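Colleague: no sequence on this one, just coordinates:
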């Protein structure tokens, strides 16, 4: 940033001042607030898994404390993670998030921590809302290649076997 830009109040990473509505962006072109929110989302996911583990330990012992969060992690990784194996429409991803992250809040409630449960639920809703708003504003990556023919029709479940091959069901 030049001295003249600094005097005018130009935001680093942009060519405009905050008064012009400039947003500082990271190297991917996404606003920094979005990247920070995504990082916070990871911590929220870990908190939900920890809550499931805690409830499982209280109610069912060590086996449930391991199996319950592990099952939630598998479901999350398959359907809701940023690089999920199965690409779902937005409604499907939000449903998986509601079940897994909501399950963490329910586990806290059942473990006798209603304040923590409500706090986690509110944080999940706010974080997810901000994430979806940021995704709508962010530059999109090119779409993954689809299978040709009727199998690639809209609404089909796309299975990613690798970065270069998709199979539609």
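Modeller: Thanks, I have the structure now. Please read these numbers as outputs of a predicted model, since none were measured by experiment. Residues are numbered from 1 along each chain as shown.
Colleague: Strands of the chain, start to end?
Modeller: In the chain, the strands defined using DSSP state E lie at 86-87, 158-160, 166-168.
Colleague: mean confidence score for the last one?
Modeller: The one in question is strand 166-168. Mean pLDDT, computed over strand 166-168, is 49.
Colleague: Go through the helix ranked longest in the chain and flag the buried ones.
Modeller: Taking DSSP state H as the criterion, the chain has its longest helix at helix 32-60. Neighbour counts over helix 32-60 (16 or more other CB atoms under 10 Å) mark 34-35, 37-38, 41, 44-45, 47-49, 51-57 as buried. Yep, even glycine has a C-beta here, placed from its N, CA and C like the rest.
Colleague: Kindly report the same for stretch 79-94.
Modeller: 79, 80, 84, 87, 88, 93.
Colleague: tell me the contacts of the third one?
Modeller: Right, residue 84. Residues near residue 84 by CB atoms under 8 Å, 6 or more residues apart in numbering: 77, 78, 93.
Colleague: before we move on, what about the last one?
Modeller: Contacts were defined as CB under 8 Å, 6+ apart; by that measure residue 93 touches 79, 80, 84.
Colleague: same question, the second one
Modeller: If a contact means CB under 8 Å, 6+ apart, then residue 80 has 88, 93, 96, 97, 100 as its contacts.
Colleague: for the fourth one, what are its contacts?
Modeller: Under the criterion of CB under 8 Å, 6+ apart, the contact partners of residue 97 comprise 80, 124, 128.
Colleague: Among the residues you listed, which lie within helices?
Modeller: Counting by DSSP H, those place 124, 128 in helices.
Colleague: picking that back up, and which of the contacts of residue 80 is nearest residue 136?
Modeller: Each of these was checked against residue 136 using CB to CB; the closest is residue 93, at 13.9 Å.
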